[in-house]
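Chemist: this one's structure only:
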Ligand code: ATP
């Protein structure tokens, strides 16, 4: 309690005194020889202006959210939006992290994907809970085991929030925050109103009243999500015959290459037929063409970069227009007519199928 009070009052000398009085020991070195408690600078500053004496100190943004708040009325008016609605954006954020490590988990320059969802005051808890559920469902829709995710509800709230939680993911180094969901009240819009002297209010034509909306924020690091997907997808598999394969079991809608087109041999008109098939498929999917090496080796290379489908063109293709369609995860091979390929592939790789799971 005393510790919490000291933190809330920003009384850093008192924080140090409590640490000393409680004889808290460093878990790494075993030492009790603490430095004074210091406030770290979490924002990067730089200067703007041609001549250094006349320049202004400016700060790199530590979150993308504020651009959305400043533009809230522009978007609402020009888009003729009615509350509730959201504005989402992705962009760089910068934090002077004291310990930037664990590969791309914590960086000083990173990419955030944030959404600010504007709601009528008093309805924010309903929307907060809705977004909690929707965001967790989004992660689950990717097909990663649901026991890899959990909520962590915040007890100590930031000054602008009236509810907050994280969606945590089980990284190889333990459960850690992947995404934050915050009920930010009207703090940001009101602060912009106060310091700019410009109203940021919404006229609700149904209730015939003006108000400053409340905001639910969802905020996820693009890099952190990339790390979560990669860490979960890259596996070394032992096959029935005892051999091993490296396979990137990345969700198919996220795979960078969807289809590999592979003529079995580099002769007998197979490459020409393969090119023909590729020319049709490449209009819909990111495809990769390869003739080099034995077919088994080519399959393995595609497994390792997460390509969901391989198509093999052989002599039979020239006779009956069928190919071998091989699936990455099951390694199952089926004979399919060329005209059916587009439909079968899009059923698996189309992002629409993933989004439909959220409806
Ligand atoms: P943490 O507790 O890990 O420092 P945070 O609570 O400061 O994160 P938020 O301010 O909620 O994070 O930021 C939203 C999201 O941005 C986080 O869930 C995370 O995915 C991402 N993020 C935050 N800081 C970093 C960073 N230094 N490097 C990469 N991603 C980050």
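Modeler: Looks like it came in fine. Predicted model only: the values in this text are computed from it and were never measured. Residues are numbered from 1 along each chain as shown.
Chemist: and the closest residue to residue 159 other than its chain neighbours, what is it in contact with?
Modeler: Distance criterion Cβ to Cβ, 6 or more residues apart in numbering; nearest residue to residue 159, sequence neighbours excluded, is residue 187 at 7.4 Å. For glycine as for every other residue, the C-beta is placed from the backbone atoms N, C-alpha and C. Residues near residue 187 by Cβ atoms under 8 Å, 6 or more residues apart in numbering: 159-161.
Chemist: for stretch 50-69, buried residues please.
Modeler: Residues of stretch 50-69 classed as buried by neighbour count (16 or more other Cβ atoms under 10 Å): 61, 63-65, 68-69.
Chemist: helices of the protein, start to end?
Modeler: 2-8, 12-21, 65-70, 72-78, 124-141, 187-196, 222-233, 270-281, 295-304, 315-320, 341-349, 351-356 (DSSP state H).
Chemist: let's have those in a markdown table, adding mean pLDDT and distance to residue 261.
Modeler: A markdown table is the format used below for those (pLDDT from 0 to 100; distance: least, Cβ to Cβ, whole Å):
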| stretch | mean pLDDT | distance to residue 261 |
| --- | --- | --- |
| helix 2-8 | 80 | 60 |
| helix 12-21 | 90 | 63 |
| helix 65-70 | 95 | 42 |
| helix 72-78 | 96 | 43 |
| helix 124-141 | 96 | 29 |
| helix 187-196 | 96 | 50 |
| helix 222-233 | 95 | 23 |
| helix 270-281 | 97 | 4 |
| helix 295-304 | 96 | 10 |
| helix 315-320 | 97 | 11 |
| helix 341-349 | 96 | 10 |
| helix 351-356 | 88 | 22 |
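Chemist: now residue 150: closest residue in space that isn't a chain neighbour?
Modeler: Excluding its sequence neighbours, the residue lying closest to residue 150 (Cβ to Cβ, 6+ apart) is residue 168, at 5.2 Å.
Chemist: hmm, I typed the wrong one, I wanted residue 348.
Modeler: Leaving aside its sequence neighbours, residue 348 sits nearest to residue 252 (Cβ to Cβ, 6+ apart; 4.9 Å).
Chemist: hang on, the earlier thing: out of the helices of the chain, nearest to the ligand?
Modeler: When those are compared by Cβ to the nearest ligand atom, helix 222-233 sits nearest the ligand, at 3.8 Å.
Chemist: now do the buried residues in the closest one.
Modeler: Neighbour-count burial for helix 222-233 [16+ other Cβ under 10 Å]: 223-225, 227-229, 231-233.
Chemist: residues contacting the residue nearest to residue 348?
Modeler: By Cβ under 8 Å, 6+ apart, residue 252 lies in contact with 258, 308, 348-349.
Chemist: mind redoing it with 6 Å?
Modeler: 308, 348-349 (Cβ atoms under 6 Å, 6 or more residues apart in numbering).
Chemist: how close does it sit to the ligand?
Modeler: Counting by Cβ to the nearest ligand atom, to the nearest Å, the separation of residue 252 from the ligand is 23 Å.
Chemist: out of the contacts of residue 252, which one sits closest to residue 53?
Modeler: Closest to residue 53 out of the contacts of residue 252 is residue 349 (57.4 Å), distances taken as Cβ to Cβ.
Chemist: so residue 214 makes contact with residue 119?
Modeler: Yes - the pair residue 214 and residue 119 passes the contact test of Cβ atoms under 6 Å, sitting 5.3 Å apart.
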